[in-house]
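In: Everything below, folded, please.
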Amino acid sequence: MPELPEVETVRQGLLPAMEGHVIQQAVLRRADLRWPFPVNMEARLSGARVTQLRRRSKYILADLDCGESLIIHLGMSGRMVISGLNAPFVPGAFHFDHPAVEKHDHVLFHMDNGARVTFNDPRRFGAMDLCATAVLDAHPLLARLGPEPLGNEFHAAYLADQLAGRKTAIKTALLDQRIVAGLGNIYVCEALFRAGIHPARAAGRISASRIATLTQTIRATLREAIEAGGSSLRDYRQATGEMGYFQHAFRVYGREGAACVTPDCPENVRRIVQSGRSSFYCAACQR
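Out: Sure, this is the predicted structure:
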């Protein structure tokens, strides 16, 4: 499933096609994805201008001038692809700049700048919903999310307070979206390696200095991943159709049995399972 860097990369790629532009026509090619689309979704979106395109955790949020916001979740295999940017829009007309609509192209957004934004999702684990912008923070998908790891509310003192007294493993704690929003398995593994913290260490038994280091490594790892366009492991692509490249910089994730990247470290990368997810780490470098 795409994590924060992948979703942020998609959001940035969508900006020239959607932010500030009118959805001339929204087309739903089925009645649902993970759950049914909102009532009259096509009519509610068609003619609305996207005033701001932002991200919250792993959700893309499109604020509209009609007072509603579109919530988009990519799910396991969802992709948003742009075609025909700056080609004139003519309702019902076929543009050679647009590829033929495919079987799994479930939602089409025809924009006033000629772009077509296509939501493709073979597994249909993605989701879309509409909510009044004024109460968006209270939406069930967003209401219990913790602070953004790249925002000002996420800092060493906050994280230390959240982890204090917790017996759960630090890896599990960081995946709790109520503590910090948007972190997933890949980037928690990578950040813990950089911080030298074993993924099974009890969250409440990490010193304040190491928590400060961890906070910094989380931010640095996410920023590097965004700069690289995210990580393409299975279905993920950027809005341009390009792959991400951060997977080539993985230090532990997916590298079970490979030599540790730390110079002169004699260990190989190991894997354990925590809460049903694989954790990759170096037993010598992470304590």
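In: Could you work out the end-to-end span of stretch 78-86 for me?
Out: End-to-end distance for stretch 78-86: 24 Å, by C-alpha to C-alpha, to the nearest Å.
In: Burial check on Val135, number of neighbours?
Out: Applying other C-beta atoms under 10 Å, we find 10 residues neighbouring Val135. Yep, even glycine has a C-beta here, placed from its N, CA and C like the rest.
In: and it, that's in a strand?
Out: No. Assigned with DSSP: H, G, I helix; E, B strand; the rest coil, Val135 falls outside any strand and is helix.
In: Show me the helices in this protein, by range?
Out: 4-18, 41-45, 156-163, 170-175, 185-195, 208-227 (DSSP state H).
In: Which of those sits closest to Cys260?
Out: With C-beta to C-beta as the measure, helix 185-195 is the member of the helices of the chain nearest Cys260 (9.0 Å).
In: model confidence over the closest one, on average?
Out: In this model, helix 185-195 carries a mean pLDDT of 96.
In: who touches that helix?
Out: For helix 185-195, contacts defined as C-beta atoms under 8 Å, 6 or more residues apart in numbering pick out 3-5, 170-171, 174-175, 198-199, 210, 213-214, 217-218, 220-222, 225, 231, 250-253, 277-282, 285-286.
In: That one to helix 208-227, inter-axis angle?
Out: Taking axes from the mean of the first three to the mean of the last three C-alpha atoms, to 10 degrees, one finds that helix 185-195 is oriented at 130 degrees with respect to helix 208-227.
In: Could I get the phi/psi values of the closest residue in space to His104 that isn't next to it in sequence?
Out: Distance criterion C-beta to C-beta, 6 or more residues apart in numbering; nearest residue to His104, sequence neighbours excluded, is Pro122 at 4.5 Å. Note on Pro122: its backbone torsions stand at phi -60, psi -40 [degrees, to the nearest 10].
In: how many neighbours does Pro122 have?
Out: For Pro122, which is what you asked about, the neighbour count (other C-beta under 10 Å) is 16.
In: cool, and Asp264?
Out: Asp264: 5 surrounding residues under other C-beta under 10 Å.
In: next one: the one 3 residues further on
Out: One way to gauge burial is a neighbour count; for Glu267, by other C-beta under 10 Å, it gives 14.
In: again with Glu153
Out: The burial count for Glu153: 10, using other C-beta under 10 Å.
In: contacting residues for it?
Out: Applying C-beta under 8 Å, 6+ apart, the residues near Glu153 are Pro147.
In: what about burial for the contacts of helix 185-195, which qualify?
Out: Buried subset of the contacts of helix 185-195 (neighbour count, 16 or more other C-beta atoms under 10 Å): 3-5, 170-171, 174-175, 198-199, 210, 213-214, 217-218, 221-222, 225, 231, 250-253, 279-282, 285-286.
In: how near is the nearest residue to Ala17 once chain neighbours are set aside to Gly84?
Out: Spatial nearest neighbour of Ala17, chain neighbours left out: Ala115 (4.0 Å); criterion: C-beta to C-beta, 6+ apart. Distance of Ala115 to Gly84, computed by C-beta to C-beta, to the nearest Å: 6 Å.
In: Same check on Glu148?
Out: For Glu148, the distance to Gly84 equals 32 Å [C-beta to C-beta].
In: out of those two, which sits in the busier spot?
Out: Gly84 (20 against 17).
In: And Gln63, what's its pLDDT?
Out: I think there's a mix-up here, since residue 63 is Asp and not Gln. Here the pLDDT value assigned to Asp63 is 98.
In: So what sits opposite it in the bridge?
Out: Beta-bridge pairing of Asp63 under DSSP bridges involves Gln52, Ser69.
In: Do I have it right that it meets Ala48?
Out: No. When contacts are counted by C-beta atoms under 8 Å, Asp63 is not listed as touching Ala48 (9.8 Å).
In: Does Arg287 touch His198 like I think?
Out: Yes. In this structure Arg287 lies within contact range of His198 using C-beta under 8 Å: 5.6 Å.
In: what's the pLDDT at Arg237?
Out: Predicted confidence (pLDDT) for Arg237: 50.
In: got it, and the one 3 residues further on?
Out: In the prediction, the pLDDT value recorded for Thr240 is 58.
In: cool, and the one 10 residues further on?
Out: Looking at Phe250, its pLDDT stands at 92.
In: could you list every residue that touches it?
Out: Phe250 neighbours (C-beta under 8 Å, 6+ apart): Ile186, Glu190, Ser231.
In: That's all I had, so thanks and see you.
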